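K.L.:
coords below, sequence missing:
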């Protein structure tokens with residue numbers, strides 16, 4: 001992947017050129033057609049994704065939960081758990097472009113770039129709080 005394209009991805013935008021080159025070694029870029037399923041709830045997790053263009057929908061038990069916009073990512077939670085399974089499905093609502101990273105590349109990135117790992121953890125905590133507020137009675 002061309003490391004210059006990663007500069008437009010919020011998760012990687014403030015990395016040095018050297019660190020973006022490292023991320024580019026672990027990453028691939030894909031174009032996904034509207035309606036295509038990127039991940040399926042319950043399946044073993046093998047990749048991490050960042051949306052660069054387009055819109056995707058997150059479904060839990062077949063019910064819409066939220067939409068994902070450019071700059072948002074998914075797949076990290078299951079990769080952080082040993083033998084992790086997908087806790088949601090994600091379907092392209094439009095033609096989308098994603099940056100993907102294998103399980104191994106994701107783990108290398110989080111080990112070697114602690115500032116990126118910290119941003120990912122922050123988003124995980126934010127998502128957990130949002131989900132808890134939806135579930136908990138007011």
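P.N.:
Great, that's in hand. Given the structure is predicted, the values throughout are model-derived calculations rather than measurements.

K.L.:
Spell out the residue ranges of the strands in this structure.
P.N.:
27-32, 37-39, 47-53, 56-60, 63-68, 73-74, 89-92, 96-102 (DSSP state E).

K.L.:
Using a markdown table, lay out the ones you listed together with mean neighbour count.
P.N.:
Where you see a C-beta, it was placed from the backbone N, CA and C, and this is true even at glycine. Output for the strands of the chain, formatted as a markdown table (neighbours: other C-beta atoms under 10 Å):
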| stretch | mean neighbour count |
| --- | --- |
| strand 27-32 | 17 |
| strand 37-39 | 19 |
| strand 47-53 | 21 |
| strand 56-60 | 18 |
| strand 63-68 | 14 |
| strand 73-74 | 20 |
| strand 89-92 | 21 |
| strand 96-102 | 21 |
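
K.L.:
could those strands go into TSV alongside mean pLDDT and distance to residue 124?
P.N.:
Rendered in TSV, the data for the strands of the chain read as follows (pLDDT from 0 to 100; distance: least, C-beta to C-beta, whole Å):
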stretch	mean pLDDT	distance to residue 124
strand 27-32	96	20
strand 37-39	96	16
strand 47-53	95	12
strand 56-60	95	14
strand 63-68	93	14
strand 73-74	92	10
strand 89-92	97	16
strand 96-102	96	16
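
K.L.:
could I get these as TSV with distance to residue 4?
P.N.:
Converted to TSV, the strands of the chain look like this (distance: least, C-beta to C-beta, whole Å):
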stretch	distance to residue 4
strand 27-32	12
strand 37-39	24
strand 47-53	13
strand 56-60	24
strand 63-68	23
strand 73-74	19
strand 89-92	25
strand 96-102	13
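
K.L.:
got a list of what the nearest residue to residue 30 once chain neighbours are set aside touches?
P.N.:
Excluding the flanking residues, the one nearest residue 30 by C-beta to C-beta, 6 or more residues apart in numbering is residue 98, at 5.3 Å. Residues near residue 98 by C-beta atoms under 8 Å, 6 or more residues apart in numbering: 29, 30, 32, 38, 49, 50, 51, 52.

K.L.:
tell me the contacts of residue 74?
P.N.:
39, 48, 49, 56, 58, 68, 88, 90.

K.L.:
switch to 10 Å and redo it
P.N.:
Residue 74 makes contacts with 38-39, 47-51, 56, 58, 68, 86, 88, 90, 98, 123, 127, as judged by C-beta atoms under 10 Å, 6 or more residues apart in numbering.

K.L.:
Okay then, goodbye and thanks.
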